[in-house]
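Engineer: sequence first, predicted coordinates after that:
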Amino acid sequence: MAFALTPEREQQVDDILTRYPERRAALLPVLWLCQRQNGWIGPEVVEYVAERLELSTAIIKGVVTFYTMFFDEPVGENVVWVCRTLSCDLRGGKAIQDHLEKKLGCTAGHTSPDGKFTLLKAECLAACGQAPMVQINDYYYENLNVAQLDRIIDAHAAQGGEAAAAEFSTCATFGTPRGSGGGSVTSAPPPPSREAVRLASQPPPASDEKGEGS
Amino acid sequence: MSRALEPLLTSRYGIEESWKLANAERAGAYEVARQALTTRKPEELREQVKKANIRGRGGAGFPAGVKWGFLNRQEGEQIYLVINADESEPGTFKDRSIMDLDPHRLVEGAIISCFAIDAHVAYIYVRGELAFSVARLEQAIADARQAGYLGERPFGIDHAIDVYVHSGAGAYICGEETALLNSLEGRRGEPRLKPPFPAVKGAFGMPTIVNNVETIASVPDIVQMGGDAWSALGQLPGDGGVRIYGVSGHVKNPGLFEAPVGITMRELIDDYAGGMLGDRPLKAVIPGGSSTPVLDPRRKVDAPNEDHPLHKWHGQSEIDVPMGVDTYRALGTMLGTCCAIVMDDTVNMVEACRNLMRFYKHESCGQCTPCREGTGWLVDVLDNLCNGRGKPDDVDLLVNISNNMMGNTICAFADGTAMPMLGMVQKFREEFMDAAIHGLPDGVRHDDSVRSMVEGGV
């Protein structure tokens, strides 16, 4: 069956096209819209995008296969990325992966038997100060231990990704418990929010006065 | 010089719902942009950025004011500003905080910068994983446009400015500026040959300035204070201002800290990040993202000659040298993004090195043979060492492969892999030799210091 974007998303494509002097530049944003609707980028999606942006399917496949976040095969309802680069590994990234593999019943690179979770190893997700962490779908979950991770995974299984994100996901907040993400055009908007970054914009008292250097 | 530190870049982080326009404006957002666009000339603004001595915050440390000076528009060309928010260098997590907590500072910086370099469009290229940051930025842009700060006549002046967010889709290499431009144009993120440099031929074939998020977010403060005053906040010559430092790994308080340019690594770890986790000894620290060669606190600066830029620190530990672009280069490493990865004495350096080399193998774009093959070979050799199948020659093989990657590729990725690899072998050679002869001790891993916390937490 041929793939088509919803009318609302079609309108978003029109809007995206106004942002660039060349039509091709809309390729990544449009692929994102398609993947958010379809879950992955299969041959029908490639055909659709080729027609919509007047590009060859080879160009689109070349782009899809270059980027790790575009899926060229179906994935589970939720995609769990566990960060295993050094900063996370220093703080227990392997323990987090081991636990997920046991809990989900699949090794990294595979989908759980119930189809609810695809578990993938990720390279650095830029949340190193809040390690260990995972990304699930569009959201970050940071400063993890296995008990918290269990709650997060259980919430995804029971209530779905958005409800779980509203309760547990983290962003770089400072002191404020919840925030609203606001509307968005190219990406899933909704809001996570818990304090993730322990940010000391004011240095600790000991270093209030810097005396060395000159 | 002694002074109390008032946060600048992060001054609005603590405000409730700091990302909302009304709250940010109450704390001063857009005042500088209004003043700059309505009362000052673009060349004046460029002059201030030049005087500020701001070294690019994305890792290479190139002076931003000088970069802006490379623009030389030909007839019929339009200039683009591209803001690099593809923060992916392992260990680095500072730009996300600006986008999440004070997106209006970035938008304001983009407005002033567009005006200063005569651009009408800015693209913010955000790594695909940061969907939440994208949402915050898009909301901030929409609100700023609604308020009349963006669009056809920002602040009522005749200089249209639009800012768009462009989301990547998972590729470290897209942080390299020409790969980023390819990705922006809807292509595979493969770096381009330079020259031509982006300032001559960048996005859509037009002259383009590519700057890091933190660099652009610093522009409002630079314009407000004046370049000289802002530069003087730093403690090193030719390397001005304040910046956001990050610390991850085995410290008591990992996180982000704003401080002047020129604090030392020891201060960053002990005074800002609370010291070592469990008060264990510091074994090694990767100073500014995984591509910057490792520092070993046991090693002393060797600069007996008075002309040496580090002579002042002769005989002191490597981690007592002020953190600056030039001082760290003289030390044989790089300042990079100023986000340090701290490792205590439980870490096996061969295993830590293997972790990072796997990263590079995964992220090599594959265009150039020395990089595509070299990163894979490094991992294969390290796998052999770690699995007890190594031989003493393998340590030199790591050096040999690295030397054959350096300088032989289109972009700096291969150098960014080879340099830390060489640094590891140079500074921890005994550990590599030991692994080559005996393999790794059973069950070695990086998280012994914290595993009980992770597995036993509630």
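Structural biologist: Sure thing, it's come through.

Engineer: every contact and neighbour count from this point should use C-alpha atoms.
Structural biologist: Noted.

Engineer: buried residues in the longest helix seen in chain A, which are they?
Structural biologist: Counting by DSSP state H, the longest helix found in chain A is helix A:146-159. Along helix A:146-159, these residues count as buried under the neighbour rule (16 or more other Cα atoms under 10 Å in any protein chain shown): A:146, A:148, A:149, A:152, A:153, A:155, A:156.

Engineer: can you narrow these to ones near chain B?
Structural biologist: A:146, A:148 (Cα under 8 Å from any Cα of the partner chain).

Engineer: closest one to chain B out of the buried residues of helix A:146-159, please.
Structural biologist: residue A:146 (5.5 Å; Cα to the nearest Cα).

Engineer: okay, and residue B:164 sits in which element?
Structural biologist: strand B:162-167 (DSSP states H and E).

Engineer: against which helices or strands is that strand packed?
Structural biologist: helix A:27-38, strand B:119-126, helix B:131-146 (3 or more Cα pairs under 8 Å, 6 or more residues apart in numbering or on different chains; DSSP states H and E).

Engineer: can you pull out the low-pLDDT segments for chain A?
Structural biologist: Within chain A, the ranges that satisfy pLDDT under 70 run A:173-214.

Engineer: tell me the residues of the stretch 51-200 of chain B that contact chain A?
Structural biologist: B:87-93, B:96-97, B:100-101, B:128-132, B:134-136, B:138-139, B:164, B:166-171, B:183-189.

Engineer: rerun at 7 Å
Structural biologist: Proximity of the stretch 51-200 of chain B to chain A, by Cα under 7 Å from any Cα of the partner chain, involves residues B:87-88, B:90-93, B:97, B:100-101, B:129, B:131-132, B:135-136, B:138-139, B:167, B:169-171, B:184-188.

Engineer: ok, back up a step: for the longest helix of chain A, packing partners?
Structural biologist: For helix A:146-159, the elements it packs on are helix A:161-168, judged by 3 or more Cα pairs under 7 Å, 6 or more residues apart in numbering or on different chains; DSSP states H and E.

Engineer: now the buried residues of helix A:146-159 in JSON lines, with distance to residue B:232?
Structural biologist: Shown next, in JSON lines, are those (distance: Cα to Cα, whole Å):
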{"residue": "A:146", "distance to residue B:232": "46"}
{"residue": "A:148", "distance to residue B:232": "45"}
{"residue": "A:149", "distance to residue B:232": "46"}
{"residue": "A:152", "distance to residue B:232": "47"}
{"residue": "A:153", "distance to residue B:232": "49"}
{"residue": "A:155", "distance to residue B:232": "51"}
{"residue": "A:156", "distance to residue B:232": "51"}
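
Engineer: backbone phi and psi for the closest residue to residue B:50 other than its chain neighbours, please?
Structural biologist: Distances taken as Cα to Cα, 6 or more residues apart in numbering or on different chains put residue B:65 closest to residue B:50, at 3.9 Å, once the chain neighbours are dropped. The phi and psi values for residue B:65, taken as degrees, to the nearest 10, are phi -60, psi -40.

Engineer: report the secondary structure state of residue B:454.
Structural biologist: helix (DSSP: H, G, I helix; E, B strand; the rest coil).

Engineer: from residue B:40, how far out is the spatially most central residue of chain A?
Structural biologist: The residue lying closest to the centre of chain A (Cα atoms, centre = their mean) is residue A:138, at 3.4 Å. Going from residue A:138 to residue B:40 by Cα to Cα, to the nearest Å gives 42 Å.

Engineer: just residue B:80 next, same as before
Structural biologist: Residue B:80 is 21 Å from residue B:40, by Cα to Cα.

Engineer: more crowded one of the two?
Structural biologist: residue B:80 (24 against 13; other Cα atoms under 10 Å in any protein chain shown).

Engineer: grab the nearest non-local neighbour of the more buried one.
Structural biologist: Here the residue nearest residue B:80, using Cα to Cα, 6+ apart, is residue B:208, at 4.7 Å.

Engineer: list the contacts of that neighbour.
Structural biologist: B:79, B:80, B:81, B:82, B:198, B:199, B:200, B:201, B:202 (Cα atoms under 7 Å, 6 or more residues apart in numbering or on different chains).

Engineer: any idea of the pLDDT on the third one?
Structural biologist: Which is residue B:81. For residue B:81, the pLDDT comes out at 98.

Engineer: let's verify it: helix, strand, or coil?
Structural biologist: Taking three-state DSSP, the label given to residue B:81 is strand.

Engineer: got a list of what it touches?
Structural biologist: By Cα under 7 Å, 6+ apart, the neighbours of residue B:81 are B:114, B:119, B:121, B:122, B:123, B:208, B:209, B:210.

Engineer: so residue A:82 sits in a strand?
Structural biologist: Yes - counting by three-state DSSP, residue A:82 is located in a strand.

Engineer: can you list the domain ranges for chain A.
Structural biologist: By the record's domain assignment, chain A is partitioned as A:7-66, A:78-168 (automatic domain parsing).

Engineer: check chain B too.
Structural biologist: If you go by automatic domain parsing, chain B breaks into B:21-230, B:242-344, B:349-438.

Engineer: for chain A, what spans make up the strands?
Structural biologist: Along chain A, the stretches classed as strands by DSSP state E are A:78-83, A:110-111, A:117-122, A:134-136, A:139-141, A:199-200.

Engineer: so what secondary structure elements neighbour the second one?
Structural biologist: This points to strand A:110-111. strand A:117-122.

Engineer: so the strand it packs on versus helix A:146-159, what angle?
Structural biologist: 140 degrees (axes from the mean of the first three to the mean of the last three Cα atoms, to 10 degrees).

Engineer: partners of strand A:117-122, with directions?
Structural biologist: When pairing is defined by DSSP bridges, strand A:117-122 lines up against strand A:78-83 (parallel), strand A:110-111 (antiparallel).

Engineer: as TSV, those strands with mean neighbour count would be great.
Structural biologist: Formatted as TSV, these follow (neighbours: other Cα atoms under 10 Å in any protein chain shown):
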stretch	mean neighbour count
strand A:78-83	23
strand A:110-111	20
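
Engineer: relative to residue B:353, which of those strands is closest?
Structural biologist: strand A:78-83 (16.4 Å; Cα to Cα).

Engineer: run the chain-centre distance for that closest one.
Structural biologist: Taking Cα atoms, centre = their mean, to the nearest Å, one finds the center of strand A:78-83 at 8 Å from the center of the full chain.

Engineer: list the contacts of that strand.
Structural biologist: A:93, A:97, A:116-125, A:133-137, A:161.

Engineer: now with 6 Å?
Structural biologist: A:116-124, A:134-137 (Cα atoms under 6 Å, 6 or more residues apart in numbering or on different chains).

Engineer: that strand to helix A:161-168, inter-axis angle?
Structural biologist: Using the same axes, to 10 degrees: strand A:78-83 against helix A:161-168 is 50 degrees.

Engineer: re earlier: among the contacts of residue B:208, which two are most distant?
Structural biologist: B:82 and B:200 (13.6 Å).
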